[in-house]
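1. Give me the fold of what follows.
(chains A and B)
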Amino acid sequence: MARLTPLHEAVSDIIQNGDTVALEGFTHLIPHAAGHEIIRQGKTDLTLVRMTPDLIYDQIIGSGCASKLIFSWGGNPGVGSLHRFRDAIEQGWPRPLAYEEHSHAALANAYVAGASNLPFAVLRGYTGSDLPKVNPNIRFIECPFTGEKLAAIPSIRPDVTVIHAQKADRRGNVLLWGIVGVQKEAVLAAKRAIVTVEEVVDELDAPPNACVLPRWAVAAVCHVPGGAYPSYAQDYYERDNRFYQAWDAISRSREAFTAWIDRHVRNTADFEEFKRVFAETTKSKEAV
Amino acid sequence: MDALKTNTGVLEFTATEIMTVAASRLLKDGTVCFVGIGLPSTAANLARLTHAPDVVLIYESGPIGAKPTVLPLSIGDGELALTADTVVSTPEIFRYWLQGGRIDVGFLGAAQVDRFANINTTVIGDYANPKVRLPGAGGAPEIASQAKEVFIVLKQSTKAFVNKLPFITSAGYLDGGDAREKAGIPGKGPAAVITDLGILTPDPVTRELTLTSVHPGVTVEQVKAATGWDLKVSPDLTTTAVPQSHELEALRDLLAHTAKAHGQSAGGEG
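-> Prediction:
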């Protein structure tokens, strides 16, 4: 049953070292504030799952919180590489990162299978690709009815899924809209779920087919306005494409990255203070 | 970027512009197209804004029938959701719409292709000890296998057009001939690879990519020199039709709107 709680409490109580954690979001509604709190609390040995690891995963990996990544596309969308992710897998800095690589179709199916309480996902996929040669978790099975060869991969069943949404009501029911990606499936596949929201309202006023996560399917709801920044929240704020571009330079060297993370995340108390410090550093940079 | 002067002496266009225009022309009106980000998205939207107003653009993040006025920087930009006929979940996109067999054309980019139009977006060098780690598969393996046909758009160089890929992320014609059909892949496979130098299409029997069109001002020798295998040239080689002024205007308007919207005109990093 969802409780409305401060983000630091939710992350502290619900995410344990060594957990498998999925912070999902497909460009939209990426839970950056929750990711920062994971770094701030120095969580370690996490297995991270995400279809599209981008900046927040680069930050968590570069901060040494993760020992493994399960993913299907890792990059800075429209900009280029994730330098911290590459440094971790190519040079083992700040610690080696094991990785398990899939296609989007497979991971999307694996979340559906997890949410459906099935041990594996089945799809028409991977035929002719070299991915099954390097990932032993991609196997092929025979359809028991037709004999057709189909791809199978294990379900994704995170210990914790973290997402960001537009609204929750005071009882903890959650509403999200726009590009909803795989978030509903990721929440229902997980043992526990944390949802950060832009707004807490008296009534959701959700139309009948809206994407609503009932409060009894979520462990904690945290009111974190702006918590998806620099990604976006449809009808609240736009994606800050400039920060995605700026991240390329910040993340290129270990030193610049560490200085940024220390200043903006490790040495701030919470997301509110992050926003103040970030506004100051961005302003002073623009003034130069 | 070199601007090429055409015979008319009026129109000038860059190699990237003719690549985008040539790619857009392949998309027929009314086609249902699963669009990759970057060059494919530019070409598909140019088609929509010119000769193919009823093309249906589907992005893997969930928008179906997206009609963006500025190009998305990422695959899940809000503009795609706001202009779409509907937005569905990512599992639904891959399960019902792609695997369900409803996609006519998969429009993909690539880091590398080989002579049988297989695609690499995973790694250069050894998988375990990569020389260059690329972003990975994304939606491409299943788009490449399940769309009824596939167009690939990328710039041509010996680094990008290699005889043998270090890693096949997404299947083209595998080892050529009927290898793709034998592997049980449902879609027909890559129908064309559109580059900044010309258009390559698979030989009907061997499935080897063959140069069938060169862009105006480009020589066959130039295309061969930018290819990492001994590129075969079609006996029916044609020259790509020069971009029309309305195509160039639409493309430039779209890119100008996009740069303005994404803050790139101010220099990018801030």
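2. can you pull out the helices in the stretch 1-150 of chain A?
-> A:7-14, A:32-40, A:55-62, A:83-91, A:104-115, A:131-134 (DSSP state H, counting those that start in this stretch).
3. Need those helices in TSV (columns: mean pLDDT, mean neighbour count and distance to chain B).
-> No exception for glycine: its C-beta is placed from N, CA and C like everyone else's. Listed next are the helices of the stretch 1-150 of chain A as TSV, based on pLDDT from 0 to 100; neighbours: other C-beta atoms under 10 Å in any protein chain shown; distance: least, C-beta to the nearest C-beta, whole Å:
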stretch	mean pLDDT	mean neighbour count	distance to chain B
helix A:7-14	98	19	24
helix A:32-40	98	25	15
helix A:55-62	98	25	11
helix A:83-91	94	21	5
helix A:104-115	98	28	4
helix A:131-134	98	17	5
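4. got any ranges where chain B has weak pLDDT?
-> Within chain B, the segments meeting pLDDT under 70 span B:1-11, B:263-270.
5. Pairing partners for the residue nearest to A:Glu148 when sequence neighbours are not counted in the sheet, please.
-> The shortest distance from A:Glu148 to any non-neighbouring residue, by C-beta to C-beta, 6 or more residues apart in numbering or on different chains, is to A:Glu142 (7.1 Å). Judged by DSSP bridges, the bridge partners of A:Glu142 are A:Lys149.
6. what separates A:Glu142 from chain B, distance-wise?
-> 12 Å (C-beta to the nearest C-beta, to the nearest Å).
7. Name the residues of the stretch 101-250 of chain A found near chain B, please.
-> A:101-105, A:108-109, A:111-112, A:123-131, A:134, A:148-149, A:178-182, A:184-185, A:232, A:234, A:238-239, A:241-242, A:244-246, A:248-249 (C-beta under 8 Å from any C-beta of the partner chain).
8. How far does stretch A:152-167 stretch from one end to the other?
-> The stretch stretch A:152-167 measures 36 Å between its terminal residues, going by C-alpha to C-alpha, to the nearest Å.
9. How far does that stretch sit from its chain's centre?
-> 8 Å (C-alpha atoms, centre = their mean, to the nearest Å).
10. what do you get for stretch A:183-203?
-> Averaging C-alpha positions (C-alpha atoms, centre = their mean) puts stretch A:183-203 12 Å from its chain's average.
11. one step back: quick one: closest of the helices of the stretch 1-150 of chain A to A:Val212.
-> Closest approach to A:Val212 among the helices of the stretch 1-150 of chain A (C-beta to C-beta): helix A:104-115, 15.0 Å.
12. Which neighbouring elements make contact with that closest one?
-> Applying 3 or more C-beta pairs under 8 Å, 6 or more residues apart in numbering or on different chains; DSSP states H and E, one finds that helix A:104-115 makes contact with strand A:120-123, strand A:149-154, helix A:183-189, helix B:90-92, helix B:140-146.
13. Centre of the chain to it, how far?
-> 15 Å.
14. for stretch A:246-258, same thing?
-> The chain centre lies 20 Å from the centre of stretch A:246-258; the measure is C-alpha atoms, centre = their mean.
15. And that stretch, what's buried?
-> Neighbour-count burial for stretch A:246-258 flags A:Ala246, A:Trp247, A:Asp248, A:Ile250, A:Ser251, A:Phe257 (criterion: 16 or more other C-beta atoms under 10 Å in any protein chain shown).
16. Among those, which one lies nearest to A:Ser81?
-> A:Asp248 (8.1 Å).
17. Wait, the closest one touches A:Asn76, no?
-> Yes - using C-beta atoms under 8 Å, A:Asp248 is in contact with A:Asn76, at 6.3 Å.
18. Show residues contacting the helix or strand of chain A with the lowest mean pLDDT.
-> Sorted by mean pLDDT, DSSP states H and E, the helices and strands of chain A end with helix A:271-287, the least confident at a mean of 87. Residues from elsewhere that reach helix A:271-287 (C-beta atoms under 8 Å, 6 or more residues apart in numbering or on different chains): A:7, A:33, A:36-37, A:224, A:226-227, A:229, A:263-265, A:268, B:270.
19. And those residues, which two are furthest apart?
-> A:Leu7 and B:Gly270, at 27.6 Å, using C-beta to C-beta across the contacts of helix A:271-287.
20. what residue is smack in the middle of chain A?
-> The residue lying closest to the centre of chain A (C-alpha atoms, centre = their mean) is A:Leu23, at 2.2 Å.
21. Can you tell me the SS state at the closest residue to that one other than its chain neighbours?
-> Distances taken as C-beta to C-beta, 6+ apart put A:Val162 closest to A:Leu23, at 4.5 Å, once the chain neighbours are dropped. When classified by DSSP: H, G, I helix; E, B strand; the rest coil, A:Val162 comes out as strand.
22. sorry, back to before: pretty sure the residue nearest to the centre of chain A sits against A:Leu29.
-> No - the pair A:Leu23 / A:Leu29 is not scored as a contact, 10.6 Å apart, by C-beta under 8 Å.
23. Tell me which residues touch B:Thr239, please.
-> Contact analysis of B:Thr239 by C-beta under 8 Å, 6+ apart lists B:Ser213, B:Val214, B:His215, B:Pro216.
24. out of those, which one sits closest to B:Leu254?
-> B:His215 (20.3 Å).
25. hang on, A:Thr47 packs against A:Cys65?
-> No - judged on C-beta under 8 Å, A:Thr47 makes no contact with A:Cys65 at a distance of 10.7 Å.
26. ok, these two, which is more surrounded?
-> Set A:Thr47 next to A:Cys65 and count neighbours by other C-beta atoms under 10 Å in any protein chain shown: A:Cys65 wins out with 24 against 18.
27. Counting neighbours, what do you get for residue 20?
-> This is for chain A. 18.
28. Sorry, I should have been clearer: chain B.
-> Using other C-beta under 10 Å, B:Thr20 has 29 other residues around it.
29. So it versus B:Thr240, what's the distance?
-> 12 Å (C-beta to C-beta, to the nearest Å).
30. can you list contacts of stretch A:121-128?
-> The contact list for stretch A:121-128, computed with C-beta under 8 Å, 6+ apart, reads A:103, A:105-106, A:109-110, A:112-113, A:132, A:138, A:141, A:150-155, B:94-95, B:99, B:118, B:141-142, B:145-146, B:168, B:170-171, B:174, B:180, B:183-186.
31. Alpha carbons of that stretch, as CSV, please.
-> C-alpha atoms of stretch A:121-128 as CSV (Å, rounded to 0.1, in the frame of the first residue of the first chain):
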residue,chain,number,x,y,z
ALA,A,121,9.3,-14.2,-22.3
VAL,A,122,8.8,-15.7,-25.8
LEU,A,123,9.0,-13.7,-29.0
ARG,A,124,9.9,-13.9,-32.6
GLY,A,125,13.2,-12.3,-32.3
TYR,A,126,17.0,-12.3,-32.6
THR,A,127,17.0,-14.5,-35.7
GLY,A,128,20.3,-13.9,-37.6
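32. Fine, thanks again, bye for now.
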